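J.: sequence first, predicted coordinates after that:
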Amino acid sequence: MDTILAKASLLAQGAAVGPQLHRLLRDRIIRGDMPPGSRISETEIALAYSVSRQPVREAFIKLAEELLVEVRPQRGTFVSLISVPAVITARFIREAVEADIVRRVAELADSAALEILDARMAEQIALPADAAGEDFMRVDEEFHRALAEQAGQAAVADRLEEMKIHMNRVRHISARQFSRERLISQHAEVVEAIRARDPARAEAAMRGHLREIVVDLPGIVATYPAFFDGHDGLEAMP
């Protein structure tokens, strides 16, 4: 509970507590601060955040709807295991959507758009080598969002974010061991294809980039088997 206590000050005064707790707990589950399978208590969280149990209960209901927690009668509430099939589905949809996005950007990008993408690349490169994995994930998300915005599809980025919750849980685990240089190089390849006005090359670069999880997921599941559900889904991975 020490980490939760450290987050208690993030609750904004005068704002609805339930939605704030939901966002905070959701982010903590996705980041892995609350590991898959761990038990969470309404009472302990209410005490940690100095709130009543009602807004905590509201947050738990929303988290259950998102399949991030599981209520087990007579046993309590537990952080849900990461669904392998959900990760595979999210990866498949994300690749299809973002491949189309970069094709469109390669067709439409002007100097202003390239300036924005170059700035996003510079942010990634400027991160210190010892920066936390979640810091890199933040600039990674900003890069992908910038692509969607330059394609005129900012709303698509929002929809993808809702859909890839379980995928992001895996990404936070892999962030502890991934090659940051490799991912930056893949981003750079996408940008250079866009700069060359080559839609086919941009699409191929993006598809290759987003298939990294196909390579990494079996090893991550093997390393953290207790965190995952639906291991048989690995057989369905393309």
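T.: Perfect, thanks for sending it. Residues are numbered from 1 along each chain as shown.
J.: outline the domain layout of this structure.
T.: Using automatic domain parsing, the domain parsing of the chain gives 2-80, 83-236.
J.: now these as JSON lines including mean neighbour count?
T.: The way it works is simple: take the backbone N, C-alpha and C, and place the C-beta from them, glycine included. Below are the domains of the chain laid out as JSON lines (neighbours: other CB atoms under 10 Å):
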{"stretch": "domain 2-80", "mean neighbour count": "15"}
{"stretch": "domain 83-236", "mean neighbour count": "17"}
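J.: which stretch in those is the model least sure about?
T.: Least confidently modelled of the domains of the chain is domain 2-80, at a mean of 84 by mean pLDDT.
J.: which other helices and strands does the longest helix anywhere in the chain contact?
T.: Longest helix in the chain by number of residues, with DSSP state H as the criterion: helix 84-108. With contacts taken as 3 or more CB pairs under 8 Å, 6 or more residues apart in numbering; DSSP states H and E, helix 84-108 sits against helix 133-150, helix 154-163, helix 165-174, helix 180-195, helix 199-210, helix 212-223.
J.: specify the residue positioned farthest from the middle of the chain.
T.: Here the chain reaches farthest from its C-alpha mean at Gln74, the gap being 31.8 Å by CA atoms, centre = their mean.
J.: any idea how far it lies from Arg53?
T.: Distance of Gln74 to Arg53, given as CB to CB, to the nearest Å: 18 Å.
J.: can you check Ser80 too?
T.: Taking CB to CB, one finds Ser80 at 21 Å from Arg53.
J.: with Glu162 instead?
T.: For Glu162, the distance to Arg53 (CB to CB) stands at 27 Å.
J.: ditto for Thr223
T.: Going from Thr223 to Arg53 by CB to CB gives 36 Å.
J.: likewise for Arg26?
T.: With distances taken as CB to CB, Arg26 is found 18 Å from Arg53.
J.: one more: Arg182?
T.: Taking CB to CB, one finds Arg182 at 46 Å from Arg53.
J.: how about Gly219?
T.: 40 Å.
J.: ok, Arg159 next?
T.: Relative to Arg53, Arg159 is positioned 33 Å away (CB to CB).
J.: spatially central residue in this structure, please.
T.: Nearest residue to the geometric centre of the chain (CA atoms, centre = their mean): Asn168, 2.9 Å.
J.: which residue sits closest to it, ignoring its sequence neighbours?
T.: The shortest distance from Asn168 to any non-neighbouring residue, by CB to CB, 6 or more residues apart in numbering, is to Ile30 (5.2 Å).
J.: after the longest helix of the chain comes which helix or strand?
T.: Using DSSP states H and E, the helix or strand that follows helix 84-108 in sequence is helix 111-126.
J.: what angle do that following helix and helix 133-150 make?
T.: Angle of helix 111-126 versus helix 133-150, following axes from the mean of the first three to the mean of the last three CA atoms, to 10 degrees, is 170 degrees.
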